[in-house]
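[1] missing the sequence, but the structure's below:
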């Protein structure tokens, strides 16, 4: 079983070692982890003239199409939500109808995180809904992130594994990831 | 032609009026705009017992599957990137292989916005790459947002329409949206 490992892990200073660590955990559970950093075996020749960013995007799409499931690192990244590239990939795999799993090293719900992010200017309107300084609504469904993300994971019958770890360990602690990988392994029966 | 209108517009205080305004512009160009706020004609009966957030997520997925193209409001939302729900939906439609268009009322590139967001702790490493206070890399490809988003729009042969408007007008100005709709209309030939 091949599982695409989506996440902002590609932005870590030791991104190659990180990918190897994640793949090692997958291997222990009998799964092949596919990293966004993996070279695509046979990239189409007409990609050659494209800028690097476009080749990376197309390669990641191909990696996802070639995977049986996706595991997303949904630890919040530069804002209350997960990394944008990761969220794109969750949506992509969901449209393919294959299992989408998530994990996060931030246990707070989306409203709590968004309130902290908004900070000054936060207020409650006449209906008791939270709004920011631009009067934009804060989602308050008790989910971990935007409802499209949680909704996709739940609808695909998969799990979201959350750990409450200190901020200083949120890019190193892998307990929630390993629990997630173990759940993926159970899909294989 | 039916076009799904993804965006954080659903969080505006006047979200229903906003959806009507966007649909009005679509209609002027001979296009049917589909809003995430639209009721789904025939929701499956087994959705009845699901929590509201899950029903919204499933309805949006069905709206996207029923659309011929997608227009995403990529104006940055609570961070350097677009709204997470919108980004999910861009990935979803991209996987379906249909045209994805984007527009934004922030003309700055992704690196510029991310640098401003990171603020304190921003530094350049030995290779000249920008890193944040957690040593996480800043994308620097000159794109508007994460490369998966720009990559999907470019790969689907569609356009990203950007306007440089004052911050106070970024949730009201619709010039870039209308240029985007006009480009979608040209797909109809």
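    The structure has been received and is ready for your questions. Here the structure is a predicted model, which means the values were calculated and not measured.

[2] so which residues of chain A form strands?
    Using DSSP state E, the strands of chain A run over residues A:2-6, A:32-34, A:69-73, A:100-104, A:123-124, A:130-131, A:160-162.

[3] of the ones you listed, which is nearest chain B?
    Using CB to the nearest CB as the measure, strand A:130-131 is the one of the strands of chain A that comes nearest chain B, at 7.1 Å. Where you see a C-beta, it was placed from the backbone N, CA and C, and this is true even at glycine.

[4] starting at the chain centroid, how far to the closest one?
    Here the centre of strand A:130-131 is set off from its chain's centre by 26 Å, with CA atoms, centre = their mean, to the nearest Å.

[5] and for stretch A:100-111?
    Computed by CA atoms, centre = their mean, the chain-centroid distance of stretch A:100-111 equals 9 Å.

[6] wait, residue A:181 touches residue A:25, no?
    Yes - the criterion here is CB atoms under 8 Å, and residue A:181 meets it with residue A:25 at 5.5 Å.

[7] tell me where chain A has helices.
    For chain A, the helices defined by DSSP state H cover A:15-28, A:52-65, A:84-96, A:110-118, A:147-155, A:175-187.

[8] re the thing from before, mind putting the strands of chain A into TSV with mean neighbour count and distance to residue A:49?
    Below are the strands of chain A laid out as TSV (neighbours: other CB atoms under 10 Å in any protein chain shown; distance: least, CB to CB, whole Å):
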stretch	mean neighbour count	distance to residue A:49
strand A:2-6	25	26
strand A:32-34	19	26
strand A:69-73	26	29
strand A:100-104	26	33
strand A:123-124	10	51
strand A:130-131	18	47
strand A:160-162	21	40
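
[9] list the contacts of the spatially most central residue of chain A.
    For chain A, the residue nearest the mean C-alpha position is residue A:72 (2.9 Å; CA atoms, centre = their mean). By CB atoms under 8 Å, 6 or more residues apart in numbering or on different chains, residue A:72 lies in contact with A:6, A:7, A:82, A:86, A:87, A:89, A:90, A:100, A:101, A:102, A:103.

[10] recalculate using a threshold of 6 Å.
    Counting by CB atoms under 6 Å, 6 or more residues apart in numbering or on different chains, residue A:72 touches A:6, A:86, A:90, A:102.

[11] please tell me how far the second one sits from residue A:133.
    Think residue A:86. Residue A:86 sits at a distance of 27 Å from residue A:133 (criterion: CB to CB, to the nearest Å).

[12] cool, residue A:85 as well?
    In this view, residue A:85 and residue A:133 are 27 Å apart by CB to CB.

[13] distance check, the residue lying closest to residue A:52 once chain neighbours are set aside against residue A:148.
    Nearest residue to residue A:52 in three dimensions, chain neighbours excluded: residue B:141, at 7.0 Å (CB to CB, 6 or more residues apart in numbering or on different chains). For residue B:141, the distance to residue A:148 (CB to CB) stands at 25 Å.

[14] check residue A:86 too.
    According to CB to CB, residue A:86 stands 13 Å off from residue A:148.

[15] again with residue A:11
    Taken as CB to CB, the span from residue A:11 to residue A:148 is 23 Å.

[16] give me the more crowded residue out of the two.
    The neighbour count for residue A:11 versus residue A:148, taken as other CB atoms under 10 Å in any protein chain shown, is higher for residue A:148 (29 against 22).

[17] I'd say the residue nearest to residue A:52 and residue A:51 touch.
    No - counting by CB atoms under 6 Å, residue B:141 stays clear of residue A:51, with 7.2 Å between them.

[18] the more surrounded of the two?
    Set residue B:141 next to residue A:51 and count neighbours by other CB under 10 Å: residue B:141 wins out with 18 against 14.

[19] TSV for the helices of chain A, including mean pLDDT?
    As requested, these are exported to TSV (pLDDT from 0 to 100):
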stretch	mean pLDDT
helix A:15-28	98
helix A:52-65	98
helix A:84-96	98
helix A:110-118	97
helix A:147-155	98
helix A:175-187	97
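
[20] related to what we said a few turns ago, out of residue A:181 and residue A:25, which sits in the busier spot?
    residue A:181 (26 against 17).

[21] who are the contact partners of the more buried one?
    Residues in contact with residue A:181 (CB under 6 Å, 6+ apart) are A:25, A:26, A:29.

[22] closest to residue B:157 among these?
    Distance to residue B:157, by CB to CB, is smallest for residue A:26 among these, at 35.3 Å.

[23] number of nearby residues for the closest one?
    By other CB under 10 Å, 24 other residues sit near residue A:26.

[24] how about it: what's its closest non-neighbour residue?
    residue A:33 (3.5 Å).

[25] okay but that neighbour is in contact with residue A:25, surely?
    No - with contact defined as CB under 6 Å, residue A:33 does not count as touching residue A:25 (7.6 Å).

[26] quick check: buried residues in stretch A:108-120?
    For stretch A:108-120, burial by neighbour count (16 or more other CB atoms under 10 Å in any protein chain shown) applies to A:108, A:109, A:110, A:111, A:113, A:114, A:115, A:117, A:118.

[27] who touches it?
    A:80, A:122, A:132, A:138, A:139, A:140, A:142, A:143, A:145, B:78.

[28] just the buried ones out of those, please.
    Buried members of those, counted by 16+ other CB under 10 Å: A:80, A:132, A:138, A:139, A:140, A:143, A:145, B:78.

[29] farthest pair within these?
    A:132 and A:143 (18.1 Å).

[30] so which residues on chain A come close to chain B?
    With the criterion set to CB under 6 Å from any CB of the partner chain, chain A comes near chain B through A:11, A:13, A:53-54, A:56-57, A:78-81, A:84-85, A:87-88, A:91-92, A:95-96, A:117, A:135-137, A:141, A:143, A:146-149, A:151.
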